[in-house]
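# missing the sequence, but the structure's below:
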């Protein structure tokens, strides 16, 4: 492991560290307000008054994120960090990670068998 990989693996503001602590699907539940089913259309959380179910969640083939979302109504897609950035007008993944850590405080939630936070 090179020095950059070591830093990213231990940095509390890295995607990898956050994803090792908080279940990613639980993050989607927190910000969408319900457990979304995969490959099912929903009104977009990014557009107020969206009446067309064009937002969906699906599995991702590229680490570190297990899921990705797509909003076909406006042609946007991304991971949970991009969703949080867009929902709250943030400009970086570090800001999104800080927001998630602030919103999902491990003292307020349970812990899964795999050691990750569950809501």
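Done, it's in. What you are looking at is a predicted structure, and each value in this text was computed from that prediction instead of being measured.

# Just want the most central residue of the protein.
Central residue of the chain (CA atoms, centre = their mean): residue 80, 2.4 Å from the mean position.

# Now it. Nearest residue, chain neighbours left out?
Counting by CB to CB, 6 or more residues apart in numbering, the nearest residue to residue 80 once its immediate chain neighbours are dropped is residue 27, at 4.9 Å. In this view, the C-beta of every residue, glycine as well, is placed from N, C-alpha and C.

# Is that neighbour part of a helix or strand, or is it coil?
helix (DSSP: H, G, I helix; E, B strand; the rest coil).

# Can you tell me how far it is from residue 51?
25 Å (CB to CB, to the nearest Å).

# And those two? Which one has more around it.
Between residue 27 and residue 51, counted using other CB atoms under 10 Å, residue 27 has the larger neighbour count: 24 against 7.

# Need the pLDDT of that one.
Here the pLDDT value assigned to residue 27 is 95.
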